[in-house]
Structures are given as structure tokens and as C-alpha cells.
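everything below, folded, please.
(2 chains)
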Amino acid sequence: MKLQLHNTLTKRKEEFVPLDPSNVRMYVCGPTVYDFAHIGNARPVVVFDTLYRVLKRLYPRVEYARNITDIDDKIIARALESKRTIDEITQETTRAYHEDMAALGALRPDHEPRCTQTVPEMVAMIAKLVASGHAYAAEGHVMFNVPAYAEYGRLSGRSRDDQIAGARVEVAPYKKDAADFVLWKPSTPEQPGWESPWGRGRPGWHIECSAMSEKLFGPTFDIHGGGQDLIFPHHENEIAQSVCAHDGVQFVKYWMHNGFVIVNGEKMSKSLGNFYTVRDLRDRAPGEAIRLLLLKTHYRAPLDFTDDGLKQAKGELDRWYRALASVQDADEEISDIPLPVEQGGVLEDLMDDLNTPMAIARMHALADFVLNPTSHSHMPSGAPAIYTKGQLKHRLLLNARLLGVLTQTPDAWFKWTPSGNEGPSAADIEAAIQARLDARKAKNFAEADRIRDDLKAKGVILEDGPKGTTWKRG
RNA sequence: GGCCGAGUAGCAAAGUGGUAAUGCAUCGGAUUGCAAAUCCGAUAUGCGGCGGUUCGAUUCCGCCCUCGGCCUCCA
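Residues are numbered from 1 along each chain as shown, chains lettered A, B, ... in the order given. Model (predicted):
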């Protein structure tokens, strides 16, 4: 089985053949740091983090870059209205972003370039585009001249005529062509800016990714990812800039785009204000549950975010953690029934264009098997084998690692407390459990049940097992 | 208007040219003092609609309907 990925460029699944198997390179568009990340921002992070984990399993060296956009008019506007400095905003937001993404189990990328540290490279690339006739300076701006690149529109599948016909923006007078887009724009003295051959100014939106990827990866690399909304114009423009700045050399081999997160069937976006921040969600559910929710839907399909979905994702993880907790290290109960999933099943699912729902189904089958190794519901198929519970648990954990879940102990998982901590403390709960135990010993079941119901009303669920009573928060 | 994507059980969500994974919910049963958890079993004659290709289509093709997205900052 070979890695198959859907390429937006060809609109089909293709076998992934790296440019250089000894160094696979992936670039994903990162956040503009002016506000907390919302669940829609989190989706590409989790999706491409999962791909990163798969790639690392398959190739000896993978370089993953995700930029931080810290020059942007939205940041400037935020600084003005909040009366804080741009540095304060970008640093604070970047830190929050790192915390939030870590909570979602996302590994840190190998590179995290910042626009503010790549301005000279951007200026150099723009100068090159001007020199080669693909761009021109006008009224302090530098514009990319779209007609100068014949292939423009290939990624998004729209012709230049379509674009002009559908244009809803006013055409700036300094544009030679209605489709031209800005590479560099002038800054007023109050606005942040850098000296350039065209005067003091700042980069346009698209040039940053072209310059940063070139700096890290050279003119060509393997995978470029992002949300579907970036296909046009952002990625289309990146291609134009990079290809023209590199004498027609291919920019990216595989373009990958995740679908949108919607809320109650409606688009979620910052401009509509109907979004959940990761930060808020983290108060309501463990990060792993948020992560699993994002992986329960195939990455290219739209994902409708609901509270119920979050609850369900948590419930599925509950079961997996229960499976882990059911196996003591010394437990050597064995099964002679073949594993319900073949070797590397989860990996193979993920290698099929990141089929996370299928991978999750396999995780369930594996968890079932861990809980009940001698079950006859797991239809034998393939060569017979004998597994101990310990081996099955190990397999479950190995597969979970690919999905970025089951990273904590079952105990920690079940004692997770929502922030704001409305429920009783762990000590209170333990005391109540002891009181209930005494009541049960005395056969005072009415009192025992009252205690249990009381805890349940406070969101704590008790489970009487052979090894005593355990609890979790519902 | 142009371009793109989606419509599968109560909900969520995979998948396949040969008769529908998985999770939740629901209904039986085992277990339990009762629960929870766990286990056993049941639950879509059906995959938006209408045609076509085919021995056979949910799966391919065409048309239609509905919904969403992009074309402007946005993951």
C-alpha cells in the first residue's frame, strides 16, 4: 500500500511520490496572529498534524513548516482599537496559539517562519518579479501582472475572464489589469513599514508564503496545505509569484485543502462572529476530544460542529481509555483469535488520503478486542495468532499515536475537570465514594443510591468494578 | 452570473459495480443489591429525484432538486 493523497491541482487522489524521499517537505498556511484561534483554524492544524505523523512514520526525514503571519492590516487595526502595540498583540496571540494547538495534540512544526523575519526575502522576490516583467510599480504599490502568467487560474479552475466578470471589488486605478494583485503596498508614517526600492511600505498578503517557503525549502517542495478558502486567491497567487520568480519551475507538487467547519449549517468565520474559539472549547472538553471531533469527519468534507458531536467524541475516547485501564501490565490473558484488524490497519487507512473515520472505526474494533480478547464477535480472518492483552493494548496505543490521541493516563483522562470547575473537587468525590461504600457495607442501599444520584446530578458518574469504585465526569 | 463541493438509518459518519463499516441513541437478554461499565443479540429491501449504461448501480453517465462554499479579509 502506498500513500495516496488528493491533489487539488488534479482534483483526484494520486500516489504520493516525494521529490526527495530522504527529505519530505510540507508547508501549511498558519495563523494571522491577532485573535484567538477558532475551531475552524484548528481543523487544518489537526488534519495536517495527522498527515505529518503519517509522513514521519513512512519517511526518515520530514520537514514541516507552518508560518506565523505577523504583518497584516487586521493586526494593525487591532492595535489601533485596543491601544496596544503590534508586538504585544502578535506575541500574546502567538503564545495563545501555541498553547491551544498543543492542547489539541498538534506537534510543533519543524519550522515556524515569521513574516517580520522574512521581509528582505520578500523584497528580493518582488524585485525579481519586477525585473522579469511579471510585476510593475505604480503609485507606491508593486502589482503582480496576472496576464504575464499564462497558467494563472489552474489551481482554482477559474479563467481570468471569469474572475473579472465576477469581480465584486472596485478596480484600483493603478492596476494595469483588473486581476492584478498587490505584492507591496506603501505605509503611512504611523503604519509599520520597511524600506524598499519602492519606498517605505509593507508586503501584500500572498508574497509572504512564497518567500518563506522559498527560504526554507527552495523553489519546489512536496506538499502545500491549507483551508479550501485559500485556494483562491491566496494559493493561486502564491503559485503565480513563485513560478514566475523561479523561471517557470514547478512550485508545489501536491496541493491539499481541508473543508470548512460550519456551525448549525452556516459558515463560521471571524467576520460573521459565529465561531467557537479553541480556548473556550478547552474549558468544556479535553483537547483530545476536540481533536477527535475534528478527525471524525474526513478532512475534505464539510464538518458541522455541534455540542453533541463534542460529547460523542469524548464518549468514544472514554471507551478507548477504559480499554487501556482494563489492562494491568502484568495481565497476560491471552486470545487465540486473530486480531480484527490487520497489521498496521490504522496506518493503511490514513495512507488512503487520510481516511480518519475508517481509522477511528478500527480503533473501536481494537478497543473492543482489548476489552474482550476472547470475544467471538470479532470474526476471525487471516492467519491465526495469539495475543496477550498487553500486546493488544500496545497495539492500540501505537495506532492512537498516529491519530494523536490516548496521550495521557486513563486516570488523568477520567478526572479531567472543566475549567470554571462547577462540580465537586476530587477530594469531595473520594469522600462521597467512601461514605457510599460504608452505606453499602451496611446494606443501606437507599443511602448509597442517594449519594450516587447526588454525584450524578453534579456531573460525576460512578462505576463499581472488581477493583473498587471509579469515577469520571460526564 | 462563473467555479467548486455535498446530499447514506433518529443523529454523526465511512464505503463499494454484486446487494450497506463504525460511533451515539433505541429495543431485547446476560451481569449488577440497583446502576454504571462490560458482554450477547436486534435495528437502512435502502444510500436526494428521474432517466441511461450494465447480467446487476447507492457506487459509472446525463438531467433535475436541495444545501453549502469560493469569486472580497477568512482555515
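
and the strands in the stretch 251-400 of chain A?
Listed in chain order, the strands found in the stretch 251-400 of chain A under DSSP state E, counting those that start in this stretch are A:252-258, A:261-263, A:266-267, A:303-305, A:334-335, A:387-388.

which stretch in those strands is the model least sure about?
Lowest mean pLDDT of those: strand A:334-335, a mean of 64.

contacting residues around whichever residue of the stretch 151-300 of chain A sits closest to RNA strand B?
RNA strand B sits closest to A:Gly227 of the stretch 151-300 of chain A, with a gap of 1.7 Å, by C-beta to the nearest atom of the strand. Where you see a C-beta, it was placed from the backbone N, CA and C, and this is true even at glycine. Contacts for A:Gly227 (C-beta atoms under 8 Å, 6 or more residues apart in numbering) come out as A:29, A:40, A:43-44, A:257-258, A:260.

low pLDDT regions in the stretch 101-250 of chain A?
The stretch 101-250 of chain A contains residues with pLDDT under 70 at A:160-171.

in the stretch 1-150 of chain A, which spans are helices?
Assigned by DSSP state H, counting those that start in this stretch, the helices in the stretch 1-150 of chain A fall at A:39-58, A:73-82, A:86-103, A:119-131.

so which of those helices is nearest RNA strand B?
helix A:39-58 (2.7 Å).

anything in that closest one near RNA strand B?
Yes. Against RNA strand B, helix A:39-58 shows contacts by C-beta under 7 Å from any atom of the strand at A:40-41, A:43-44.

buried residues, that helix. List them.
By neighbour count on 16 or more other C-beta atoms under 10 Å, the buried set for helix A:39-58 is A:39-55, A:58.

and for stretch A:304-314?
Going by neighbour count (16+ other C-beta under 10 Å), the buried part of stretch A:304-314 is A:305, A:309-310, A:313-314.

three-state assignment of A:Trp191?
No Trp there; residue A:191 is Gln. Three-state assignment for A:Gln191 (DSSP: H, G, I helix; E, B strand; the rest coil): coil.

need the contact list for it.
Contacts for A:Gln191 (C-beta under 8 Å, 6+ apart) come out as A:76, A:202.

spell out which residues of the stretch 201-350 of chain A are next to RNA strand B.
A:205, A:226-234, A:258-262, A:265-271, A:296-298, A:300-304, A:306, A:308-309, A:312, A:315-316, A:319, A:322.

give me the beta-bridge partners of the residue nearest to A:Asp180 when sequence neighbours are not counted?
Spatial nearest neighbour of A:Asp180, excluding adjacent residues (C-beta to C-beta, 6 or more residues apart in numbering): A:Met143 at 4.4 Å. In this entry, A:Met143 is beta-bridged to A:Tyr136, A:Val182, by DSSP bridges.

neighbours of A:Met143, how many?
Look at A:Met143: counted by other C-beta atoms under 10 Å, it has 25 neighbours.

what does the stretch 351-474 of chain A have sitting close to RNA strand B?
Where the stretch 351-474 of chain A comes near RNA strand B, counting by C-beta under 7 Å from any atom of the strand, the residues are A:352, A:355, A:357-358, A:360-361, A:364-365, A:368, A:371-372, A:375-377, A:440, A:445-446, A:448-449, A:452, A:461-465.
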